[in-house]
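**Q** The amino acid sequence is not available; the structure is as follows:
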């Protein structure tokens with residue numbers, strides 16, 4: 001069957017970059033689903049996005065396929081009388097479905113007998129099908145923020161100005177929000193003022209790119225920007241600093257990327273490097289430039305949407321803008337340095353941390369206490385603990401500086417610089433920066449002991465406090481980023497390689513909120529927090545590639561012994577699918593099926609008479625003696641070796657003996673075996 005080419009273009013006013021990416025994902029998923037559900041064969045489905053348009057391209061069949069469907073009718077007892085003759089209900093249902101009564105069948109549905117009609121729905125011409133579904137697809141966009149314009153109720157991220165839709169050379173005619181589809185598109189604002197006519201879907205990309213000066217493919221724009229920026233910087237024996245975040249945004253700010261290189265006076269290189277990069281990347285969407293030596297250059301790369309012949313005007317305009325921003329930054333920096341960092345801490349009394357939880361000054365005092373606790377758990381030395389406490393006292397002070405007030409991305413970073421300028425220890429300054437780490441998925445982790453301790457303390461205080469305030473995340477909603485902060489805690493702990501006891505630390509952190517009115521019951525908050533952190537560990541470890549069953553096996557102890565749990569997960573993973581691990585799981589399950597944990601594990605040796613139970617007791621004693629001195633791999637092997645005496649015990653001994661004393665003693669012996677297995681993992685998850 002010869003396929004037809006489909007092009008749909010939705011033209012809009014300039015959209016924010018995040019909306020373009022959201023729209024691309026929506027259209028990919030929606031068209032794939034709609035085509036598949038309606039039996040329309042297709043291939044080469046592509047979705048593109050830019051600041052003023054979404055474009056969908058696909059090769060589709062001329063018509064949808066015929067579909068056989070079953071339609072549920074009335075209940076059997078309503079459709080047929082006592083003699084099995086069809087009633088008016090059956091006759092009417094058959095007529096409505098276009099089948100004869102004789103063609104009706106009876107099927108069991110949800111426990112009841114119902115009449116069912118099976119019929120064939122003839123396929124539709126692709127053009128007719130598209131007229132029906134395209135307006136609905138466009139109207140179902142669900143942006144995080146959308147708007148209405150004019151007097152209608154239609155919502156979209158920005159006003160829709162034109163719609164082009166072609167199936168080969170046929171216009172698919174429909175209307176959405178008062179805009180009728182056609183065969184006209186619009187090019188780059190600076191290159192074309194009149195609409196461009198597209199004769200067929202196959203000509204669309206050629207017309208838009210060559211006549212309209214619009215690079216439709218956002219991946220092509222991305223590569224053009226990377227190559228252009230790299231080549232431009234290379235002329236100065238340097239290379240651009242291309243952050244993924246900035247690049248992602250710049251790609252959706254231009255339709256035809258052009259490159260210019262600007263500069264600023266070298267005197268501004270005396271400012272902290274992070275200040276310069278923040279001004280250029282986050283505020284101006286420029287790419288900073290680094291010399292081959294590693295030193296930051298006074299150059300920057302601008303990606304613009306203008307005409308190349310205007311490059312000098314564009315360069316000068318951007319240089320004026322960045323110069324003004326850098327002059328502001330230098331002023332803020334010089335003003336901030338007039339006051340030592342510690343003199344700002346008292347000012348935190350006037351800054352609200354959270355309405356129910358008090359001020360940032362109160363959080364600072366809690367952080368000082370909690371960081372001492374986390375430092376001890378991490379095994380810090382006395383001098384490291386003192387530095388961690390000092391960093392905890394200073395870590396929020398930079399929030400009151402002019403620089404951070406203007407550039408909030410620099411919190412922690414400026415605290416580090418101001419601490420050094422105030423004469424603080426280098427490790428104290430570093431911990432002030434590191435206590436925010438990790439800030440996002442894939443970010444660096446704290447490297448210093450003091451930074452690790454403070455990162456844990458600050459995040460745990462925040463998460464515990466918000467749970468006490470009744471603000472824990474629900475469903476997909478997490479307005480305070482508590483999941484991110486909890487995941488940061490888990491990452492720092494796993495990176496430390498220490499069995500940091502999260503359970504006890506949470507208990508201590510919650511106690512620091514004692515006496516604050518209006519909070520929920522502490523024990524209730526603690527239960528929720530423990531499950532919350534278990535869920536974070538589970539997600540984190542599965543993202544690292546561990547099977548869900550393996551993660552669930554080690555999950556019961558992960559809050560008390562996270563490093564050990566991770567090592568056990570590695571060992572279990574290495575034996576997945578082996579006979580040895582199967583022996584462990586089988587023996588564990590046999591023991592667990594009859595065990596009675598409430599009886600305890602203290603059995604009475606005088607009740608042990610049968611050969612098999614004596615052999616099991618001996619094996620358990622030897623295993624227990626060797627278990628605690630062995631590594632995790634050896635422990636797993638020890639547990640596997642118990643399968644033979646456990647099997648022999650069940651084959652040769654009646655556990656549920658008529659003598660209550662014998663029966664209870666044998667159950668306690670099984671409890672002893674179970675406790676040994678559970679000391680490693682909950683192997684029931686691996687069944």
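**A** The structure has been received and is ready for your questions. Only a predicted model underlies this, so the values are computations on that prediction, with no experimental measurement involved.

**Q** if I pick residue 396, what's in contact with it?
**A** 345, 348, 360, 363-364 (Cβ atoms under 8 Å, 6 or more residues apart in numbering). (Each C-beta comes from the backbone N, C-alpha and C, glycine too.)

**Q** how about a cut-off of 7 Å?
**A** Applying Cβ atoms under 7 Å, 6 or more residues apart in numbering, we find residue 396 in contact with 348, 360, 364.

**Q** Okay, and residue 328 sits in which element?
**A** Using DSSP states H and E, residue 328 falls within helix 311-336.

**Q** Mind giving me the packing neighbours of the next helix-or-strand element following that helix?
**A** Under the assignment DSSP H and E, the closest C-terminal helix or strand after helix 311-336 is strand 352-354. Under the contact definition 3 or more Cβ pairs under 7 Å, 6 or more residues apart in numbering; DSSP states H and E, strand 352-354 sits against helix 360-378.

**Q** name the helices or strands packed onto the helix it packs on?
**A** With contacts taken as 3+ Cβ pairs under 7 Å, 6+ apart, helix 360-378 sits against strand 352-354, helix 382-394, helix 449-468, helix 502-511.

**Q** cutoff 6 Å now
**A** Counting contacts by 3 or more Cβ pairs under 6 Å, 6 or more residues apart in numbering; DSSP states H and E, helix 360-378 packs against helix 382-394, helix 449-468.

**Q** contacts for that helix?
**A** The contact list for helix 360-378, computed with Cβ atoms under 6 Å, 6 or more residues apart in numbering, reads 348-349, 351, 353, 385, 388-389, 392-393, 396, 453-454, 456-458, 461, 496, 498, 500, 508-509, 512.

**Q** ok, 8 Å please
**A** 345-346, 348-349, 351-353, 357, 384-385, 388-389, 391-393, 395-396, 399, 449-450, 452-454, 456-458, 460-462, 465, 496, 498, 500-501, 505, 508-509, 512-513.

**Q** List only buried entries from those residues.
**A** For those, a neighbour count by 16 or more other Cβ atoms under 10 Å gives the buried set as 345, 348, 353, 357, 384-385, 388-389, 391-393, 395-396, 399, 449-450, 452-454, 456-458, 460-462, 465, 496, 498, 500-501, 505, 508-509, 512-513.

**Q** pLDDT score for the closest residue to residue 342 other than its chain neighbours?
**A** Excluding its sequence neighbours, the residue lying closest to residue 342 (Cβ to Cβ, 6 or more residues apart in numbering) is residue 394, at 6.1 Å. At residue 394, the pLDDT value in this model is 98.

**Q** In contact with residue 394, which residues are there?
**A** Applying Cβ under 8 Å, 6+ apart to residue 394 gives the contacts 341-342, 345, 415, 419, 424, 428, 432.

**Q** quick check, nearest of those residues to residue 173?
**A** Set against residue 173, the nearest of the contacts of residue 394 by Cβ to Cβ is residue 415 (61.3 Å).

**Q** Report how many residues lie close to that closest one.
**A** 28 (other Cβ atoms under 10 Å).

**Q** show me what contacts the residue nearest to it when sequence neighbours are not counted?
**A** Nearest residue to residue 415, sequence neighbours excluded (Cβ to Cβ, 6+ apart): residue 398, at 3.5 Å. The neighbourhood of residue 398, defined by Cβ under 8 Å, 6+ apart, consists of 341, 344, 404, 411-412, 414-415, 418, 432.

**Q** Highest neighbour count among those residues?
**A** residue 432 (33 neighbours).

**Q** distance of that residue from residue 258?
**A** Noted for residue 432: a distance of 41 Å to residue 258, by Cβ to Cβ, to the nearest Å.

**Q** buried stuff in the helix or strand where residue 614 lies?
**A** Using DSSP H and E, residue 614 sits in helix 611-627. Buried residues in helix 611-627, counted by 16+ other Cβ under 10 Å: 612-613, 615-617, 619-620, 623, 627.

**Q** Could you pull out the helices in the stretch 201-350 of the chain for me?
**A** For the stretch 201-350 of the chain, the helices defined by DSSP state H, counting those that start in this stretch cover 204-206, 218-234, 244-251, 273-278, 311-336.

**Q** Figure out which of those is closest to residue 631.
**A** Nearest of the helices of the stretch 201-350 of the chain (Cβ to Cβ): helix 244-251, 40.4 Å.

**Q** Quick one: mean pLDDT over that closest one.
**A** Average pLDDT, helix 244-251: 96.

**Q** How about residues contacting it?
**A** Under Cβ under 8 Å, 6+ apart, the answer for helix 244-251 is 17, 21, 218, 221-222, 225-226, 257, 281-282, 285, 287, 303.

**Q** List buried residues within those.
**A** Buried among those (16+ other Cβ under 10 Å): 17, 21, 218, 221-222, 225-226, 257, 281-282, 287, 303.

**Q** from the residues you listed, which has minimum pLDDT?
**A** Note: of these, the lowest pLDDT belongs to residue 282, at 91.

**Q** got a list of what it touches?
**A** 246, 407, 409.

**Q** Pull the number of nearby residues for the last one.
**A** The number of residues packed near residue 409 is 15, by other Cβ under 10 Å.

**Q** Also the second one?
**A** Neighbours of residue 407 under the rule other Cβ under 10 Å: 22.

**Q** what does residue 562 give?
**A** When neighbours are counted by other Cβ under 10 Å, residue 562 registers 24.

**Q** tell me the contacts of it?
**A** 490, 493-494, 499-500, 502, 537.

**Q** do the same with residue 262
**A** The neighbours of residue 262, taking Cβ under 8 Å, 6+ apart as the test, are 286, 299-302, 315, 318-319, 322.

**Q** let's go with 10 Å and repeat that
**A** Contact analysis of residue 262 by Cβ atoms under 10 Å, 6 or more residues apart in numbering lists 280, 284, 286, 289, 298-302, 314-323.

**Q** Check residue 574 too.
**A** Contacts for residue 574 were tallied using Cβ under 10 Å, 6+ apart; they are 581, 633, 636.

**Q** out of those, who's nearest residue 45?
**A** Of all those, residue 45 sits closest to residue 581, with 43.0 Å by Cβ to Cβ.
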